[in-house]
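**Student:** sharing a sequence plus its predicted fold:
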Amino acid sequence: MARLCCVMLLVCFAAAAASQEVGNATDATQAKASLRGAADAVLALAATTGGACVGQSGWKHDFSQGLLSCGMRTGGAMPAAGQCMKNLQGVSESCGSCLGDLIVCGRDHCVKQCCYGSCPTSSMCLDCNQAHCNDAFSACAGEVPP
């Protein structure tokens, strides 16, 4: 909770700083670049404080199928798995990286329990991921897997 509050406070500071820069900007291009820079800085900070996926709705969409699809396409290898999830789910680089790390963990610990990709929603597969992978994902993403 303290991390989330810290991130939210930094979002407010970044928005205020960007707003002031927009007021002083001489053209719209500078204003857009300033806002983009502030947003990038906030997302980078969120990733380092364990909130890489906080506030992003796309990461949950078709969760198991997305992980399976990107895992199969990339052989469960990073950084390709993270890039795949970033593009597939429409999330930030840092959130995609957390999702990619979850794929790698599942590959390393749960591939057999998940029937080599043919039963990703079985209780045996979900239990294995819970035991080996979900805590690390939550620490990175700031979210709990659905």
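**Tutor:** Arrived safely, thanks for sending. Numbering: from 1, shown residues only.
**Student:** isn't residue 137 right next to residue 100, touching?
**Tutor:** No: judged on Cβ atoms under 8 Å, residue 137 makes no contact with residue 100 at a distance of 10.3 Å. Using the backbone N, CA and C atoms, a C-beta is placed for each residue, glycine as well.
**Student:** more crowded one of those two?
**Tutor:** The residue with more neighbours, out of residue 137 and residue 100, is residue 100; 25 against 21, by other Cβ atoms under 10 Å.
**Student:** quick one: contacts for the more buried one?
**Tutor:** The neighbours of residue 100, taking Cβ atoms under 8 Å, 6 or more residues apart in numbering as the test, are 70, 78-85.
**Student:** now with 10 Å?
**Tutor:** 67, 70-71, 74, 76-86 (Cβ atoms under 10 Å, 6 or more residues apart in numbering).
**Student:** can you pull out the helices in this structure?
**Tutor:** Assignment of helices within the chain using DSSP state H yields the ranges 2-24, 28-48, 63-74, 80-89, 93-110, 123-132, 134-141.
**Student:** between these, which gets the lowest average pLDDT?
**Tutor:** Among the helices of the chain, helix 2-24 carries the lowest mean pLDDT, at a mean of 39.
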